[in-house]
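Visitor: Coordinates only, no sequence provided:
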Ligand code: ADP
Ligand code: MG
């Protein structure tokens with residue numbers, strides 16, 4: 001399997017505290033990888049380090065074979081790694097359509113997107129994104145009136161509007177109803193036809209719904225890795241995480 005994203009012996013240290021103690025991760029093109037583990041395990045730090053939001057103390061991150069360790073986060077985004085954070089970061093006063101428009105690759109900020117002519121290509125692209133996130137019928141809805149779950153989908157839409165090869169999602173179902181959580185799983189599975197997805201997740205039902213491979217982090221290190229069945233029957237995982 002050819003890796004699109006490759007993490008080797010990654011270490012992150014916060015004023016003496018080792019948040020990541022040498023983690024390896026290989027992600028194949030269009031694969032869905034889920035990262036689970038107790039609070040404080042280093043899950044968010046791993047995604048942060050991949051996109052240089054946290055400094056890498058040792059080890060390397062490779063994207064499409066290129067070393068991107070500690071590169072400028074904007075360059076990493078432009079190269080094709082999109083990152084969604086835990087809390088939705090959307091424009092509440094604008095419509096769903098306008099939010100996606102603002103995120104489109106090459107739009108370069110609010111002024112350009114307002115003044116630029118909305119070409120058919122751009123419009124088609126936005127419609128395609130809205131369709132993927134299940135909000136085509138809400139294109140004209142003001143984002144503030146959406147549910148929490150729908151706002152999370154808008155933000156996923158804003159990430160994929162930039163055409164990343166790899167999409168990193170930090171707890172995409174946080175605060176969602178079970179129905180929204182399930183719908184998010186279907187959105188992610190559709191996403192993975194064109195994108196590689198790495199998602200941090202707590203909800204095991206959701207993990208079972210989407211994951212092709214699971215990585216378990218514990219105290220800054222990889223505890224286990226495998227299929228849903230392998231992880232669920234792994235005694236170490238049951239002890240530190242699933243058994244609680
Ligand atoms: P998870 O996402 O698995 O819950 P995190 O990656 O957020 O865990 O955090 C891992 C550990 O690193 C925790 O002990 C947390 O307190 C610590 N940590 C995370 N970010 C920082 C930071 N910016 N400064 C200091 N410590 C941090
Ligand atoms: Mg976290």
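Guide: Cool, got the structure. Remember, predicted model here, so these are calculated numbers, not experimental data. Ligands and ions are numbered 1, 2, ... in the order given.
Visitor: Verify the stated contact: residue 168 with residue 80.
Guide: No. Using Cβ atoms under 8 Å, residue 168 is not in contact with residue 80, being 11.4 Å away. Every C-beta, even on glycine, is put in place using the N, C-alpha and C of the backbone.
Visitor: And the two? Which one has more around it.
Guide: Taking neighbours as other Cβ atoms under 10 Å, residue 168 and residue 80 compare with residue 168 leading, 24 against 17.
Visitor: Relative to residue 48, how far out is the residue nearest to residue 52 when sequence neighbours are not counted?
Guide: Closest residue to residue 52 apart from its sequence neighbours, by Cβ to Cβ, 6 or more residues apart in numbering: residue 73 at 4.7 Å. In this view, residue 73 and residue 48 are 10 Å apart by Cβ to Cβ, to the nearest Å.
Visitor: Likewise for residue 25?
Guide: On the measure of Cβ to Cβ, residue 25 and residue 48 end up 14 Å apart.
Visitor: ditto for residue 159
Guide: 15 Å.
Visitor: what comes up buried for stretch 228-242?
Guide: For stretch 228-242, the neighbour count (16 or more other Cβ atoms under 10 Å) marks 228, 231, 234, 237, 240, 241 as buried.
Visitor: now swap in stretch 129-144 and tell me
Guide: Using 16+ other Cβ under 10 Å as the test for burial, stretch 129-144 gives 129, 130, 132, 133, 134, 135, 138, 143.
Visitor: so the first one is in which element?
Guide: Going back to what we said before, that points to residue 129. helix 120-132 (DSSP states H and E).
Visitor: which residue ranges form the helices in this structure?
Guide: 43-50, 73-79, 96-103, 110-115, 120-132, 148-160, 178-191, 204-210, 228-232, 235-237 (DSSP state H).
Visitor: measure residue 179 to residue 201 for me?
Guide: 17 Å.
Visitor: Give me the more crowded residue out of those two.
Guide: The neighbour count for residue 179 versus residue 201, taken as other Cβ under 10 Å, is higher for residue 201 (26 against 9).
Visitor: Distance check, that one against residue 131.
Guide: Distance from residue 201 to residue 131, by Cβ to Cβ: 24 Å.
Visitor: go on, residue 152?
Guide: 17 Å.
Visitor: do the same with residue 223
Guide: On the measure of Cβ to Cβ, residue 223 and residue 131 end up 38 Å apart.
Visitor: Over to residue 195?
Guide: If you go by Cβ to Cβ, the gap between residue 195 and residue 131 works out to 15 Å.
Visitor: Report the helix or strand with the lowest average pLDDT across this protein.
Guide: When the helices and strands of the chain are compared on mean pLDDT, DSSP states H and E, helix 110-115 comes out lowest with a mean of 58.
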